[in-house]
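> Dropping a prediction and its sequence here:
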Amino acid sequence: MSTPHNAAKMGDIAETVLLPGDPLRAKFIAENFLTDAVQFNTVRNMFGYTGIYEGKKVSVMGTGMGCASIGIYSYELIHMYGVKNLIRIGSCGAMQEDVKLGDIVMAAGASTDTNYAHQYQLPGTFSAVASFGLLSRAVEEAKKNQFPYVVGNVVSSDVFYGETEEWKIWAKMGVLAAEMESFALYCNAARAGVNALAIFTVSDSMISHEEMSAQERQNGFTNMMKVALGVAASL
């Protein structure tokens, strides 16, 4: 079945999907890492592909930016297409001095300034956390490849160009980095009883004001992709 946002038919999408925000990153992964890749979606130019990686059927699809956008795509993947494992791969801004450019950040949990969880009418504050099985596999992949990584909390913010320096308050709580999507992904996965993990490459630092060069982005993002694909192949 198709949806307003996805032209795929049931069976076109694997049970494990990598989710970059940028649809062109999905295209890059399909062309450089997957064999026999077939494109299943072009609606709104949110490209999606399914292929084979180390003998396993794996899909990759863009999600756009923000909780609202990934909320739509991940919900449809879970409920309309039967996806069981969702691995977000994105970029983040470091909020701690010891989190360096190019490091891989694995989100054990995601805080937020969004109101995404309001829909569940919970009687308190929900802790949005990763699926431990996926997280532990990602740690092993990073160790095996000797990629620098950290594990901890991130904050999924609705705001990219902020009027204040609220990030400093999050940093005081030990939050490692800022991004924009993981909280919604973790909420959707928890509600549906499926697995989710968000991992990132540090592309800039709010502490040092450094930013990755184009070459550093290419190499660093490739490391993150290899970790995510390694997790997918192990499932």
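Received the coordinates, thanks.
> just checking, what packs against the strand or helix carrying Leu134?
Secondary-structure assignment from DSSP states H and E places Leu134 in helix 132-145. Counting by 3 or more Cβ pairs under 8 Å, 6 or more residues apart in numbering; DSSP states H and E, the packing neighbours recorded for helix 132-145 are strand 104-112, strand 149-156, strand 195-205, helix 214-234. The C-beta positions use only the backbone N, C-alpha and C, and glycine is treated the same way.
> closest one to Met1 among these?
Among the helices and strands packed on helix 132-145, the nearest to Met1 by Cβ to Cβ is strand 195-205 (22.4 Å).
> model confidence over that closest one, on average?
Average pLDDT, strand 195-205: 98.
> any idea which residue sits dead centre in the protein?
By Cα atoms, centre = their mean, the chain has its centre lying nearest to Arg88, at 1.7 Å.
> in a strand, that's where that one is, yeah?
Yes - assessed with DSSP: H, G, I helix; E, B strand; the rest coil, Arg88 lies in a strand.
> Excluding covalently adjacent residues, which one is nearest to it?
Among residues not flanking Arg88 along the chain, Ala198 sits closest, at 3.9 Å (Cβ to Cβ, 6 or more residues apart in numbering).
> low pLDDT regions in the chain?
218-220 (pLDDT under 70).
> thought Glu54 was touching Ala233?
Yes - using Cβ atoms under 8 Å, Glu54 makes contact with Ala233 at a distance of 4.0 Å.
> Among these two, which residue is more densely surrounded?
For Glu54 and Ala233, the more surrounded residue by other Cβ atoms under 10 Å is Ala233, and the numbers stand at 16 against 12.
> residues touching that one, list them.
By Cβ atoms under 8 Å, 6 or more residues apart in numbering, the residues touching Ala233 are Tyr53, Glu54, Gly55, Lys56, Val58.
> And for Glu97?
Neighbour list for Glu97: Ile207, Ser208 [criterion: Cβ under 8 Å, 6+ apart].
> Three-state assignment for it, please.
Recorded secondary structure, Glu97: coil (three-state DSSP).
> For Pro23, grab phi and psi.
phi -60, psi -30 (degrees, to the nearest 10).
> burial measure for the residue nearest to it when sequence neighbours are not counted, as a count.
If the residues on either side of it in the chain are set aside, Pro23 comes closest to Gly62, at 3.1 Å by Cβ to Cβ, 6+ apart. Gly62 has 24 neighbours, counted by other Cβ under 10 Å.
> next one: Lys100
15.
> Okay, the nearest residue to it once chain neighbours are set aside and Val154: tell me how far apart.
Excluding its sequence neighbours, the residue lying closest to Lys100 (Cβ to Cβ, 6+ apart) is Val202, at 6.5 Å. To Val154, Val202 is 11 Å away according to Cβ to Cβ, to the nearest Å.
> got it, and Val17?
Taking Cβ to Cβ, one finds Val17 at 20 Å from Val154.
> just checking, the residue nearest to the centre of the chain touches Val17?
No - when contacts are counted by Cβ under 8 Å, Arg88 is not listed as touching Val17 (9.7 Å).
> Relative to Val227, how far out is Pro148?
Noted for Pro148: a distance of 11 Å to Val227, by Cβ to Cβ.
> Same drill for these two, tell me which one is more crowded.
Val227 (28 against 13).
> Surely that one and Arg137 touch.
No - between Val227 and Arg137 there is no contact under Cβ under 8 Å: 9.0 Å.
> Report whether Leu18 is found in a strand, as I expect.
Yes - counting by three-state DSSP, Leu18 falls inside a strand.
> Most distant residue from the centre of this protein?
Going by Cα atoms, centre = their mean, the residue of the chain most distant from its centre is Pro123, 27.5 Å out.
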